[in-house]
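Asker: Provided below for reference: sequence and predicted model.
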Amino acid sequence: MGDYLKMYRDEMIPAMMKRFDYKNPMQVPRLLKIVINKGIGEAHSNSKMLEEAIAELAAITGQTPVVARARKSIAGFKIREGFPVGCRVTLRRRRMYEFLDRLVNVAIPRIRDFRGLPRKGFDGRGNFTLGITEQIIFPEVPYDKIAHISGMSITFVTDAETDEEAMALLEAFGMPFVRMREAVTAS
């Protein structure tokens, strides 16, 4: 936490104040929480998959996940109300900054054929959601003990007013977004 929080206070706040013409340091957007969500479609019929997902998320985040349960019964998917459908972790403060550090410096560089994070993951209110397709990019997950390759979504919740401010904040933290010229040619 020390490195990223210190960097935010010492370098990012003055730079963001200058770039966005803020009058007060409290106007500078900050990262509020990181939510990691892992859906498991077969969790209701195969409890071992749910246990594996919980163990993996706990190893990745250092925090015990909460089991997400179905709110409604859906006959087409053979899901009843209250069945487990996934798990999630909400990280704040010290664990949030540690996870962000590991994600940016260790996990993202391990993604195969990586060309940058898509800019379309912003929701219009300053939050960014990133989809990871393989949990093996995290070194905390033992490769030889994985039964199924599965993905997860990681949401960065900020108090930024616009997506532009949130993107500037996340870029300052080191998130490697696709450059605009590359994004236009890739489409």
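Answerer: Great, that's in hand.
Asker: quick one, phi/psi of the spatially most central residue of the chain?
Answerer: Closest to where the C-alpha atoms of the chain average out (CA atoms, centre = their mean) is Ile154, at 2.2 Å. Note on Ile154: backbone dihedrals following degrees, to the nearest 10 are phi -120, psi 120.
Asker: in this protein, which segments are predicted with low confidence?
Answerer: For the chain, the stretches flagged by pLDDT under 70 are 1-2, 41-46, 71-82, 142-144, 147-148, 180-187.
Asker: where do the strands sit along it?
Answerer: Ranges of strands in the chain, per DSSP state E, are 31-39, 66-69, 84-91, 128-132, 152-158.
Asker: Run the chain-centre distance for the last one.
Answerer: Just to be clear, that refers to strand 152-158. 4 Å (CA atoms, centre = their mean, to the nearest Å).
Asker: helices or strands up against that strand?
Answerer: Applying 3 or more CB pairs under 8 Å, 6 or more residues apart in numbering; DSSP states H and E, we find strand 152-158 packed against strand 31-39, strand 128-132, helix 163-172. Just so you know, the C-beta spots here come from the backbone N, C-alpha and C atoms, and that holds for glycine as well.
Asker: any chance of the ones you listed in a markdown table, with mean neighbour count and distance to Ala53 too?
Answerer: Output for these, formatted as a markdown table (neighbours: other CB atoms under 10 Å; distance: least, CB to CB, whole Å):
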| stretch | mean neighbour count | distance to Ala53 |
| --- | --- | --- |
| strand 31-39 | 19 | 5 |
| strand 128-132 | 17 | 13 |
| helix 163-172 | 19 | 26 |
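Asker: So which of those is nearest Phe99?
Answerer: Phe99 sits nearest to strand 31-39 of all these, at 6.0 Å, using CB to CB.
Asker: Which strands or helices does that closest one pack on?
Answerer: Strand 31-39 packs on helix 47-61, strand 84-91, helix 93-102, strand 152-158, going by 3+ CB pairs under 8 Å, 6+ apart.
Asker: how about it as PDB, C-alpha atoms only?
Answerer: What follows is strand 31-39, C-alpha atoms only, in PDB (Å, rounded to 0.1, in the frame of the first residue of the first chain):
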ATOM      1  CA  LEU A  31      -9.900   4.800  -6.100                       C
ATOM      2  CA  LEU A  32     -12.600   3.700  -3.700                       C
ATOM      3  CA  LYS A  33     -12.700  -0.100  -4.000                       C
ATOM      4  CA  ILE A  34     -11.900  -3.000  -6.300                       C
ATOM      5  CA  VAL A  35     -14.500  -5.700  -6.700                       C
ATOM      6  CA  ILE A  36     -13.500  -9.100  -8.100                       C
ATOM      7  CA  ASN A  37     -16.400 -11.200  -9.300                       C
ATOM      8  CA  LYS A  38     -16.200 -14.800 -10.500                       C
ATOM      9  CA  GLY A  39     -19.400 -16.500 -11.900                       C
END
